[in-house]
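Visitor: My questions are about this predicted structure, shown below with the sequence.
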Amino acid sequence: MVKINDTAPNFVAHTSQGLVDFYSYIDNSWAILFSHPKAFTPVCTTELGTLQKLLPAFKDRNVKVIGLSVDSLDNHNVWLNDIKETQGYLPEYPLITDTDKSISKLYDMIHENASDTMTVRTVFIIGPDKKIKLKMDYPASAGRNFNEILRVVDSLQLTANYKVSTPANWVQGEDVIIGSAINDEEAKKLFPKGWTTHKPYLRTLKDPTQGDNA
Ligand code: BEZ
């Protein structure tokens, strides 16, 4: 099983955009690797269109997107046109055709008690260091919220650069938390403009990426 902070395994795959070596595709970017259960199904159709609509926001954050299902390349290619027709967006990101399920198994995307013939809806966020930063699984019946995935990319990219954490429902620009591993002495050096102490273990400050707040 691939878990948070593990190195994402590399693979080479046939996709709707030709043969892809995963590491070469990621290059030095962040990446989203997601699986969907099946072509020509309603929830997946809305998900793939929605993701294409949000692709500029992922590009702004230097995130490459790549999808996967166990369907054939021919199926994907016909279905992509249906997505354009019904959702108004033609997915430009590569869609992996994993008919032998080798990548699905490598990334634990097939949950046999749900289905042994198709993947669940898995999302991996992978950092430029090729480490898994987040993993989540949704069942076939629930379409994902890709705005939430963008939100957590913002959190991961912030906390990669600053010694802070983000509170529940945080969005860019809102106050952040000083990590509990940082004592007040160190915090004074990192955040000379100060912070608010609500409890000794709960200290907040302005989002350090917004203006001159650090
Ligand atoms: C759907 O995307 O709607 C779907 C996927 C797999 C099974 C059933 C429905």
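Guide: Cool, got the structure.
Visitor: Using the three-state scheme, assign the residue sitting furthest away from the middle of the chain.
Guide: Largest separation from the mean C-alpha position in the chain: residue 185, at 34.6 Å (Cα atoms, centre = their mean). Per DSSP: H, G, I helix; E, B strand; the rest coil, the local secondary structure of residue 185 is helix.
Visitor: Same check on residue 89?
Guide: coil.
Visitor: Just the pLDDT for the nearest residue to it once chain neighbours are set aside.
Guide: Spatial nearest neighbour of residue 89, chain neighbours left out: residue 52 (3.8 Å); criterion: Cβ to Cβ, 6 or more residues apart in numbering. Any C-beta I mention is one placed from the backbone N, CA and C, and that applies to glycine too. Per-residue confidence at residue 52 stands at 98 (pLDDT).
Visitor: Check which helices and strands whichever strand or helix holds residue 52 is in contact with.
Guide: Using DSSP states H and E, residue 52 maps to helix 42-53. Secondary-structure packing of helix 42-53 (3 or more Cβ pairs under 8 Å, 6 or more residues apart in numbering; DSSP states H and E): strand 63-69, helix 73-87, helix 146-161.
Visitor: residues in the protein within reach of the ligand, list them.
Guide: 37, 38, 41, 42, 43, 44, 140 (Cβ under 6 Å from any ligand atom).
Visitor: Domain ranges for the chain, per the record?
Guide: For the chain, the structural domains run 12-144, 162-210, going by automatic domain parsing.
Visitor: and among those, the most buried is which?
Guide: Compared across the domains of the chain, domain 12-144 shows the largest average neighbour count, a mean of 17 (mean count of other Cβ atoms under 10 Å).
Visitor: Tell me where the model's unsure across the chain.
Guide: Scanning the chain with the threshold set as pLDDT under 70 gives 211-214.
Visitor: Next up, identify which helix or strand residue 197 is on.
Guide: Assigned by DSSP H and E, residue 197 falls in strand 196-199.
Visitor: in its sheet, what does that strand sit against?
Guide: strand 202-205 (antiparallel) (DSSP bridges).
Visitor: Give me the residues contacting the strand it pairs with.
Guide: 164, 167, 175-178, 187, 191, 193-198, 213 (Cβ atoms under 8 Å, 6 or more residues apart in numbering).
Visitor: If we use 10 Å, what do you get?
Guide: 162, 164, 167, 174-180, 182, 184, 187, 190-191, 193-198, 213-214 (Cβ atoms under 10 Å, 6 or more residues apart in numbering).
Visitor: about what we covered before: output the domains of the chain in a markdown table; the columns should cover distance to residue 156.
Guide: Formatted as a markdown table, the domains of the chain follow (distance: least, Cβ to Cβ, whole Å):
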| stretch | distance to residue 156 |
| --- | --- |
| domain 12-144 | 5 |
| domain 162-210 | 9 |
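Visitor: Which one, of the ones you listed, ends up nearest to residue 150?
Guide: Evaluated with Cβ to Cβ, the domains of the chain place domain 12-144 nearest to residue 150, the distance being 5.5 Å.
Visitor: Done for today, thanks.
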